[in-house]
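> Here you go, sequence then predicted model.
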Amino acid sequence: MSVSSISLNQIVVMFIIILIGFICYKIKLIDSETNKQLSNLLLMLVNPLVIFISYQREFTKELLHGLLISLLLAAVTHAVAIFVSYVLLRKRSLFFKGKNSDLTDEDPANPDVAIERFSAIYSNCGFMGIPLVSGVYGSEGVFYLTAYMTIFNILIWTHGIVMIAGKQDKKTTIKMLMSPTIFATVLGFVLFIIQIQFPAAVLEAFTYVAGINTPLAMLVAGVTIGQTQIAKAFAKFRVYYTTLIKLLIIPLLLLLLYSRFSIDKPILITAVLAAACPAAATGTLFALRFDKNALYASELFAITTIFSLGSIPFLMAIAELLT
């Protein structure tokens, strides 16, 4: 089965679970407080276990080399995304003023440009990326994805906070860089290098817990979308513009760039898939923390998540032609 077919099947499965989460919120089976607790469980326990397990494998120079290449691609990916977002998403729009825009002639400055740039740069590589990459390449894909998530976590708690808040919250940054995700990545890498593997029974238990990653992440996404005013979001032109940049322009640029080099297909596809994921849910959390437009951040999360149903298989089909 082709990568595009596998990704399409995985996306459909994930969206069915998202729909279930959406319905659960609407019928009040899961409320916003429960969703927050489920999200914390995912971030603090399940995601780190998925990452840790991916490192519990036999050491080879090829895997280490692939991991280092993935780290380089992750840095390049974020650099390209930052550049493109700053060029195309501006405080004063060069292209979209007037009656067809969300910006008015009386107030042409876009007060939410930081939210748009954040959404275009930072992808939902944890909630969406892990189950998607796992569905395509299994634990090997998650192994390479950890490199992307490492760069993501470093930048989101430095550049991301500065962009949203206008200043750096050093205390929060240091605290979050010591998160379970980073800890699992570092510990897993060290054990991978020195070749210490946990007993089979322990790994089996970890695997059972890690197995709830996809359904739990998609339920959380569905409930989050249920909390947004989705109908109003569909009426905003700049939501579509930002979505286009996030889901197509940036990943296509990266795909065209990476395909010019001799990069192993799983490493290349994992890097592009991570970048092609919808906007990070963290954007809403940052907007709430720093008194920005959290509703708009939630709308961008919801719309990019919905449209990724078509954009990711499309990108994977192009990737198969180019690689």
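Arrived safely.
> For F15, see how far away A317 is.
Noted for A317: a distance of 18 Å to F15, by CB to CB, to the nearest Å. The way it works is simple: take the backbone N, C-alpha and C, and place the C-beta from them, glycine included.
> Which one of those two is surrounded by more residues?
F15 (18 against 15; other CB atoms under 10 Å).
> which SSE is that one in?
helix 3-26 (DSSP states H and E).
> What are the contacting residues of that helix?
Applying CB atoms under 8 Å, 6 or more residues apart in numbering, the contact partners of helix 3-26 are 30-32, 35, 128, 131-132, 135-136, 214-215, 218-223, 225-227, 269, 273, 305, 308-309, 312-313, 316-317, 319-320.
> What's the ChimeraX line that selects buried ones from the residues you listed?
Of the contacts of helix 3-26, the buried ones can be selected in ChimeraX as follows, counting by 16 or more other CB atoms under 10 Å:
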select :30,35,128,131,132,135,136,214,218,219,220,221,222,223,225,226,227,269,273,305,308,312,313,316,319
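> residue ranges with poor pLDDT in the chain?
Counting by pLDDT under 70, the low-confidence segments of the chain come to 1, 92-109, 167-170, 172-173, 175-177.
> Next, name the residue at the spatial heart of it.
Residue closest to the average C-alpha location in the chain (CA atoms, centre = their mean): N124, at 1.7 Å.
> Surely it is in contact with T284?
No: the criterion here is CB atoms under 8 Å, and N124 misses it with T284 at 11.1 Å.
> what is in contact with those two at once?
F301.
> quick check, distance from stretch 195-203 to the centre of its chain.
Centre-to-centre, stretch 195-203 and its host chain are 29 Å apart (CA atoms, centre = their mean, to the nearest Å).
> buried residues in it?
Applying a neighbour-count criterion of 16+ other CB under 10 Å, one finds nothing buried in stretch 195-203.
> What lies in contact with it?
So stretch 195-203 is in contact with 53, 56, 58-59, 191, 206, going by CB under 8 Å, 6+ apart.
> Just send the residues you listed back as JSON lines, with neighbour count, secondary structure and distance to T146 too.
Shown next, in JSON lines, are the contacts of stretch 195-203 (neighbours: other CB atoms under 10 Å; DSSP: H, G, I helix; E, B strand; the rest coil; distance: CB to CB, whole Å):
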{"residue": "I53", "neighbour count": "20", "secondary structure": "helix", "distance to T146": "11"}
{"residue": "Q56", "neighbour count": "18", "secondary structure": "coil", "distance to T146": "12"}
{"residue": "E58", "neighbour count": "8", "secondary structure": "coil", "distance to T146": "17"}
{"residue": "F59", "neighbour count": "14", "secondary structure": "coil", "distance to T146": "15"}
{"residue": "L191", "neighbour count": "16", "secondary structure": "helix", "distance to T146": "13"}
{"residue": "F206", "neighbour count": "17", "secondary structure": "helix", "distance to T146": "15"}
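> Now do the helices in the stretch 51-200 of the chain.
61-88, 113-121, 130-155, 161-165, 170-177, 180-194, 200-210 (DSSP state H, counting those that start in this stretch).
> Go through those and pick out the most buried.
Of all the helices of the stretch 51-200 of the chain, helix 113-121 carries the top mean neighbour count, a mean of 27, counting by mean count of other CB atoms under 10 Å.
> Distance to L256 added to the helices of the stretch 51-200 of the chain, as JSON lines?
Compiled in JSON lines, those are given as follows (distance: least, CB to CB, whole Å):
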{"stretch": "helix 61-88", "distance to L256": "11"}
{"stretch": "helix 113-121", "distance to L256": "18"}
{"stretch": "helix 130-155", "distance to L256": "19"}
{"stretch": "helix 161-165", "distance to L256": "26"}
{"stretch": "helix 170-177", "distance to L256": "32"}
{"stretch": "helix 180-194", "distance to L256": "29"}
{"stretch": "helix 200-210", "distance to L256": "34"}
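> out of these, which comes closest to E299?
Checking the helices of the stretch 51-200 of the chain against E299 by CB to CB gives helix 113-121 as the closest, at 9.5 Å.
> tell me the angle the closest one makes with helix 130-155.
If you take axes from the mean of the first three to the mean of the last three CA atoms, to 10 degrees, helix 113-121 sits at 130 degrees to helix 130-155.
> Grab the CA positions of helix 113-121 and hand them over as PDB.
The C-alpha trace of helix 113-121 is given here as PDB (Å, rounded to 0.1, in the frame of the first residue of the first chain):
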ATOM      1  CA  VAL A 113      -0.900  38.500  13.300                       C
ATOM      2  CA  ALA A 114       1.100  36.800  16.100                       C
ATOM      3  CA  ILE A 115      -1.600  34.200  16.400                       C
ATOM      4  CA  GLU A 116      -1.600  33.600  12.700                       C
ATOM      5  CA  ARG A 117       2.200  33.300  12.500                       C
ATOM      6  CA  PHE A 118       2.300  30.900  15.500                       C
ATOM      7  CA  SER A 119      -0.400  28.700  13.900                       C
ATOM      8  CA  ALA A 120       1.500  28.600  10.600                       C
ATOM      9  CA  ILE A 121       4.900  27.900  12.100                       C
END
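> so what does that helix touch, helix or strand wise?
helix 61-88, helix 161-165, helix 237-244, helix 282-289, helix 294-322 (3 or more CB pairs under 8 Å, 6 or more residues apart in numbering; DSSP states H and E).
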